[in-house]
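Participant: structure for this input, please:
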Amino acid sequence: MLLHCCCGPCSAYPFSVLKPDFEVTAFFSNSNIYPREEYNKRLSSFDKLCKVSGVVMVADSYAPSLWYEAVKGLENEPEGGKRCSACFYFRLKRAFEFAKTRNIKYITSTLTVAPQKNTEMIFEAGRKLAKEYGMSFLELDFKKNNGYQKSRELAKEHQLYIQDYCGCEFSFNERAKRKEINKKGGEK
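Facilitator: Residues are numbered from 1 along each chain as shown. This next block holds a predicted model:
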């Protein structure tokens, strides 16, 4: 099983679900993460989780220019819109490409653990890629059974870095705007 992973905190619960039934290879493919320092923090946290969980980790190359090309023209889309769909497709495609070269049969993603992510949008990308690559995408919604809460608890237990925005430059800027609005609201 190749598990596309977005970060350490979101991977903690899926690891516990999958390990009893699969030999899991965790694939960190996140060229969307901005800035590079944030990418490094998330990768380090993910590496720590893989080590304590006994999961084989593979880090894809960090290629933000390819990611920006994949979302070109969608820069002004709202969070959760067409840009996110293109982002999911881009990242999952890299996972499928990696799995194909290693003859890995099954692929799924930790992206479904976060309540902010549209699970159907992730599944749609997975279905399309499974058909294109002739492989199996397992539609596992890790949000179910309090998966997000369990992942957060495991992340705290393992003292993992927990980020406060999705990852891309656009979500980074949206977070900064929200913080500024909240700050101004608190100054009254």
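
Participant: tally of neighbours for Gly54?
Facilitator: Other residues near Gly54 number 9, with proximity taken as other Cβ atoms under 10 Å. Placement of C-beta: from N, CA and C, glycine included.

Participant: go on, Pro9?
Facilitator: 26.

Participant: do I have it right that it meets Ile162?
Facilitator: Yes: under the contact definition of Cβ atoms under 8 Å, Pro9 touches Ile162, with a separation of 5.1 Å.

Participant: any common contacting residues for those two?
Facilitator: When contacts are counted by Cβ atoms under 8 Å, 6 or more residues apart in numbering, Pro9 and Ile162 are jointly contacted by Arg152, Ala155.

Participant: outside of the lowest-mean-pLDDT helix or strand in the chain, which residues touch it?
Facilitator: Least confident element among the helices and strands of the chain, by mean pLDDT, DSSP states H and E: helix 169-186 (a mean of 82). Helix 169-186 is touched from outside by Tyr34, Pro35, Glu38, Glu75, Glu79, Arg83, Asp164, Tyr165, with contacts defined as Cβ under 8 Å, 6+ apart.

Participant: swap in 6 Å and give it another go.
Facilitator: Identification of contacts with helix 169-186 by Cβ atoms under 6 Å, 6 or more residues apart in numbering yields Tyr34, Glu79, Tyr165.

Participant: for stretch 122-138, same thing?
Facilitator: Applying Cβ under 6 Å, 6+ apart, the external contacts of stretch 122-138 come out as 88-89, 92-93, 96, 100, 105-108, 111-112, 139.

Participant: gap between Gly81 and Leu2?
Facilitator: When Cβ to Cβ, to the nearest Å is applied, the distance between Gly81 and Leu2 equals 27 Å.

Participant: same question, Arg127
Facilitator: Counting by Cβ to Cβ, the gap between Arg127 and Leu2 amounts to 16 Å.

Participant: looking at those two, which has the bigger crowd around it?
Facilitator: For the pair Arg127 and Leu2, the greater number of neighbours falls to Leu2 (23 against 12), based on other Cβ under 10 Å.

Participant: what sits opposite that one in the beta ladder?
Facilitator: Listed by DSSP bridges, the beta-bridge partners for Leu2 are Thr25, Ile107.
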